[in-house]
Structures are given as structure tokens and as C-alpha cells.
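Undergrad: Attaching a predicted model along with its sequence, questions to come.
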Amino acid sequence: MNETEARIERLVALSDNHRDELGQHLATLEQQAQWVDRGYNFYREWSPVLTSASSLAALFLARRRKGAGSFMATAATAVQSGMKLWNLWRNWRGGK
């Protein structure tokens, strides 16, 4: 075996070592980053529901207030709630 072939074998062995090390790092990173996937999936599945629930809660809180701007605040919140519920319904029906 000449010097060039020996060098190629050393480079291939070094490349294999680096590939194995990179695979181990990626496996560790994947395990550590699973919570990001779970959080993103939770957000995608529940964000329309949570948005609508918070909008409805704001509607009920606006209804409890007394004062000059109470009616307008309630009306604005009701419109926002209706729009969010309509989007939730449309997205839910679109998924079926």
C-alpha cells in the first residue's frame, strides 16, 4: 500500500469517527428538543380554543363593568368573540 492509499484510509476512518460523533450529538439534541415539538403541537391544536376562551372571558368581564364605555367595550368584545368563533368553526370544518 502506498502513502496515498494509507492517507485515504486514515481520512475515511476519521470521517467515520466524525460521522458517529455527529450522530450521537444529533440523538442527544433530538431528545433534549422534544419539548419544543410537544409545545408547538399543543399550540397548533389548542390555540383556536384558547383564543376563543380568552375572548369569551373578556366578554364576560366587560359585561360586569359599569360605566360610560361599558356598552361599547361589550359590543367590541362580542364582535371579536364572534369572529374568533367563526374562524374556529371554519378551521374545524375544513379539517374534516
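TA: Done, it's in.

Undergrad: Need the per-residue pLDDT for the most centrally placed residue in the chain.
TA: Centroid check for the chain by Cα atoms, centre = their mean gives residue 40 as the closest residue, at 2.3 Å. For residue 40, the model assigns a pLDDT of 84.

Undergrad: shaky segments in this structure?
TA: Of all residues in the chain, those with pLDDT under 70 make up the ranges 62-70, 95-96.

Undergrad: Show me where it has its strands.
TA: With DSSP state E as the definition, the chain shows no strands.

Undergrad: any idea how far residue 54 is from residue 80?
TA: Separation of residue 80 from residue 54 (Cβ to Cβ, to the nearest Å): 10 Å. C-beta coordinates here come from the backbone N, C-alpha and C atoms, glycine included.

Undergrad: ditto for residue 18
TA: For residue 18, the distance to residue 54 (Cβ to Cβ) stands at 49 Å.

Undergrad: Equivalent analysis for residue 40, please.
TA: 19 Å.

Undergrad: ok, now residue 92?
TA: 18 Å.

Undergrad: Ok, residue 36 next?
TA: Relative to residue 54, and taking Cβ to Cβ, residue 36 is found at 23 Å.

Undergrad: likewise residue 91?
TA: In terms of Cβ to Cβ, residue 91 sits 17 Å off from residue 54.

Undergrad: Next: residue 17.
TA: From residue 17 to residue 54 the distance is 53 Å (Cβ to Cβ).

Undergrad: quick one, what contacts residue 48?
TA: 84, 87-88, 91-92 (Cβ atoms under 8 Å, 6 or more residues apart in numbering).

Undergrad: ok, now how distant is it from residue 55?
TA: For residue 48, the distance to residue 55 - Cβ to Cβ - is 11 Å.

Undergrad: State the number of residues packed around residue 76.
TA: Applying other Cβ atoms under 10 Å, we find 14 residues neighbouring residue 76.
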